[in-house]
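K.L.:
heads up, no residue letters with this:
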């Protein structure tokens, strides 16, 4: 146990940071895709990590979308893809939904009377393979500004073994890994919190807790309340409707995470991101099987057909960028998933 578009309707500039919090209007029932993929021209001083943070993305988001660009020296004038199109996660659109497979958090605030419903989308870090973030339905039970950190004995033992002993209490301040805000989950020992190492957001780095950019947790903290429902899922393949089109979004399986090349590891360590190389293990479920399961769920009330050649290409890429892989069927009696 750990202790630890339909349209873009607003781009809110945070006063304390150059980062942007994007807010999307939720599409009507029967539509599941929001946002749009765009590009930006890199500046001389940019890294992909810089660009990702400015546009509400995490490390894995930007790297997977730009596999042929140097993460640390993309180069002035380089066109960088911003993967800001999303298939909404399956299940109820309420409270917080944390999809570990995509390192992404969705916040569905309860809409005000007479106003549209919105969704906030944030990158996040999750637990390492030896400190996995748990799945399930829970809720926020406590919230704190400038929290002190009480490292559990297991974490203190780990740090001591590495020659970096921790005190029993880490007070608020720049050395506190919880950052300036923390929200405690009903699952004992688990938090959603900020970080003093923001370069690691969007990676598999924590002792099981969920980390957010400092500006994101501060923004969310003011809009969320105790007892907010939190649903933690692991869905690497999402399928949804965009009009008459079936759209799929595929991420690598968590059981087989992207390993970091040594150059990236050294640079991340210089940024104090608290990341380590991960050993790759065999995935427990085939992504095509998951595609079939998500397709069946998406077409439960509306018949559709997949182009399996496109599906296989998308699964091979697994870059998190949604693509059209099928369409609706008029007057179809059976699903093409079984043909």
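P.N.:
That came through, no problem. Treat the numbers as computed from the prediction; the structure is a model and nothing was measured.
K.L.:
Does residue 326 fall in a helix, a strand, or a coil region?
P.N.:
Three-state assignment for residue 326 (DSSP: H, G, I helix; E, B strand; the rest coil): strand.
K.L.:
so it touches residue 305, yeah?
P.N.:
Yes: with contact defined as Cβ atoms under 8 Å, residue 326 reaches residue 305; the gap is 5.4 Å. For the C-beta atoms, the positions are set from N, CA and C on the backbone; glycine is no exception.
K.L.:
Low-confidence regions, the stretch 201-339 of the chain specifically.
P.N.:
204-208, 255-285, 331-339 (pLDDT under 70).
K.L.:
More neighbours: residue 326 and residue 305, which one.
P.N.:
Taking other Cβ atoms under 10 Å, residue 326 and residue 305 do not tie; residue 326 has more neighbours (24 against 18).
K.L.:
so how far is residue 239 from that one?
P.N.:
8 Å (Cβ to Cβ, to the nearest Å).
K.L.:
Residue 222 now?
P.N.:
As judged by Cβ to Cβ, residue 222 and residue 239 stand 34 Å apart.
K.L.:
higher neighbour count, the two?
P.N.:
residue 239 (29 against 7).
K.L.:
Secondary structure element holding that one?
P.N.:
strand 237-242 (DSSP states H and E).
K.L.:
Identify the neighbouring strands of that strand in the sheet and state each direction.
P.N.:
If you go by DSSP bridges, strand 237-242 pairs up with strand 245-250 (antiparallel).
K.L.:
which residues are in contact with the strand holding residue 239?
P.N.:
By Cβ atoms under 8 Å, 6 or more residues apart in numbering, the residues outside strand 237-242 that reach it are 30-33, 87-90, 246-251, 287, 290-291, 293-295, 297-298, 302, 304, 315, 324-325, 328.
K.L.:
Please narrow these to those residing in strands.
P.N.:
Judged by DSSP state E, these include 33, 87, 246-250, 304, 324-325, 328 as members of strands.
K.L.:
Pull out the buried members of these.
P.N.:
Buried members of those, scored by 16 or more other Cβ atoms under 10 Å, are 33, 87, 246-250, 304, 324-325.
K.L.:
Pull up the gap between residue 239 and residue 289, please.
P.N.:
13 Å.
K.L.:
What's the local residue count around residue 50?
P.N.:
A count of nearby residues for residue 50, using other Cβ under 10 Å, gives 17.
K.L.:
Okay, and it sits in which element?
P.N.:
helix 48-54.
K.L.:
Would you check that residue 323 makes contact with residue 306?
P.N.:
No: the criterion here is Cβ under 8 Å, and residue 323 misses it with residue 306 at 11.7 Å.
K.L.:
Between those two, which has more neighbouring residues?
P.N.:
Neighbour count, other Cβ under 10 Å: between residue 323 and residue 306, residue 306 has more, with 22 against 17.
K.L.:
Quick check: closest non-adjacent residue to that one.
P.N.:
Excluding the flanking residues, the one nearest residue 306 by Cβ to Cβ, 6 or more residues apart in numbering is residue 326, at 4.1 Å.
K.L.:
just the helices in this structure please.
P.N.:
Taking DSSP state H to define them, one finds helices in the chain at 48-54, 59-65, 153-161, 214-221, 262-270, 287-298, 308-317.
K.L.:
which one of those helices has the most crowded surroundings?
P.N.:
Among these, helix 59-65 has the highest mean neighbour count (mean count of other Cβ atoms under 10 Å), at a mean of 23.
K.L.:
name the helices or strands packed onto it?
P.N.:
Where contact means 3 or more Cβ pairs under 8 Å, 6 or more residues apart in numbering; DSSP states H and E, helix 59-65 is packed against helix 48-54, strand 79-82.
K.L.:
of the ones in strands among the contacts of strand 237-242, closest to residue 186?
P.N.:
The shortest approach to residue 186 among the ones in strands among the contacts of strand 237-242 belongs to residue 87, at 27.9 Å (Cβ to Cβ).
K.L.:
Can you give me the neighbour number for residue 302?
P.N.:
13.
K.L.:
Tell me how far the strand holding residue 239 lies from the chain's centre.
P.N.:
Its chain's C-alpha centre and that of strand 237-242 lie 16 Å apart, by Cα atoms, centre = their mean, to the nearest Å.
K.L.:
when you give positions from now on, start the count at 43
P.N.:
I'll keep to 43 as the first residue from here, and by that count the last item is strand 279-284.
K.L.:
That strand versus helix 329-340: what angle between them?
P.N.:
Per axes from the mean of the first three to the mean of the last three Cα atoms, to 10 degrees, the angle that strand 279-284 makes with helix 329-340 is 40 degrees.
K.L.:
quick revisit: what's the spacing between the residue nearest to residue 348 and residue 290?
P.N.:
Per Cβ to Cβ, residue 368 is found 8 Å from residue 290.
K.L.:
now the strands for the stretch 43-192 of the chain?
P.N.:
Assigned by DSSP state E, counting those that start in this stretch, the strands in the stretch 43-192 of the chain fall at 50-55, 62-67, 75-77, 80-83, 121-124, 127-129, 137-141, 146-150, 160-165, 168-169, 178-187.
K.L.:
ok, now which ones touch the residue nearest to residue 348?
P.N.:
Counting by Cβ under 8 Å, 6+ apart, residue 368 has contacts 287-288, 290, 337, 346-349, 352, 378.
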